[in-house]
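> missing the sequence, but the structure's below:
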């Protein structure tokens, strides 16, 4: 939930500000945690500062894994304003994780690269890294990585006008999120499904799913993932226009209050 992210950010800031000196490794790790938690809350400025510090500290210590770990989410943030620079950071992290044989890091970096490419509307280019990331996550049993890779892949296929393929991929993303019992990932997958149904010409079903996604997030006091805010706004605005304010509010409210097991069915 957002309150847990907020508490985690506060704890990491307290650790970093403590008078007891931290080792360079501990300071780097604390900055990575602070950066990831801030990223999760959507505080991108704070996240970028912490992750840049972590990357620099790791580089000074000769720790390529630490550099790659910090550079992956940092690259996603940078890509929001400078696609080329952000993607370059993530690609270097991918090369490092490959060299180290780090499957978990590689899966995370691949799904991040794919997500950055989707945001840049490079949908065809996003498919290969997302498929590879999903394959690695599936083999490693990393259900959350798998779900998020598949959700990004669903967006890529939707961008390529592959509505049926996107729908199939997103069902697999939802199954992985349910297997991980991760409501944030469930919300991401369901909201992407709403966009698919909107593209398929069924705005009422799309609005119902959009409401379900909002209800899932509210159940853990989570906000829309920072990388999804643009697509969230576009789906909301399109549905609001097509259905009108009253019907949009009514249908999304039904989805918002639907029990999760019924919604998933």
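It's in. Just so it is clear, the model here is predicted, and its values are computed rather than measured.

> Please enumerate the helices of the stretch 1-150 of the chain.
2-17, 24-41, 44-60, 64-79, 83-100, 103-119, 123-140, 143-159 (DSSP state H, counting those that start in this stretch).

> Then the stretch 151-265 of the chain?
Using DSSP H, counting those that start in this stretch, helices in the stretch 151-265 of the chain cover 163-180, 183-199, 203-219, 229-243, 245-256, 260-264.

> Just say which of those is most tucked in.
Mean neighbour count (mean count of other C-beta atoms under 10 Å) peaks for helix 183-199 among those, with a mean of 25. Just so you know, the C-beta spots here come from the backbone N, C-alpha and C atoms, and that holds for glycine as well.

> quick one, phi psi at residue 160?
Residue 160 adopts backbone torsions of phi -90, psi 10, taken as degrees, to the nearest 10.

> okay, it: pLDDT?
The score at residue 160 is 97. That number is its pLDDT.

> Look up the closest residue to it, ignoring the ones flanking it.
Leaving aside its chain neighbours, residue 160 sits nearest to residue 123 (4.9 Å; criterion: C-beta to C-beta, 6 or more residues apart in numbering).

> quick revisit: now the helices of the stretch 151-265 of the chain as TSV including distance to residue 136?
Below are the helices of the stretch 151-265 of the chain laid out as TSV (distance: least, C-beta to C-beta, whole Å):
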stretch	distance to residue 136
helix 163-180	13
helix 183-199	17
helix 203-219	26
helix 229-243	25
helix 245-256	33
helix 260-264	26
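
> Lowest average pLDDT across those helices?
Mean pLDDT values for those show the minimum at helix 260-264, a mean of 87.

> helices and strands around it, which ones?
If contacts are counted by 3 or more C-beta pairs under 8 Å, 6 or more residues apart in numbering; DSSP states H and E, helix 260-264 sits against helix 183-199, helix 203-219.

> what's the angle between the first one and helix 229-243?
Helix 183-199 runs at 40 degrees relative to helix 229-243, counting by axes from the mean of the first three to the mean of the last three C-alpha atoms, to 10 degrees.

> From residue 88, how far off is the nearest residue to residue 184 once chain neighbours are set aside?
Using C-beta to C-beta, 6+ apart and skipping residues adjacent in sequence, the residue nearest residue 184 is residue 222, 5.3 Å away. Distance from residue 222 to residue 88, counting by C-beta to C-beta, to the nearest Å: 30 Å.

> circling back to that earlier point, backbone dihedrals for the residue nearest to residue 184, please?
phi -100, psi 150.

> For the helices of the stretch 1-150 of the chain, please prepare a markdown table with the additional fields mean neighbour count.
Formatted as a markdown table, the helices of the stretch 1-150 of the chain follow (neighbours: other C-beta atoms under 10 Å):
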| stretch | mean neighbour count |
| --- | --- |
| helix 2-17 | 15 |
| helix 24-41 | 21 |
| helix 44-60 | 20 |
| helix 64-79 | 25 |
| helix 83-100 | 19 |
| helix 103-119 | 25 |
| helix 123-140 | 20 |
| helix 143-159 | 27 |
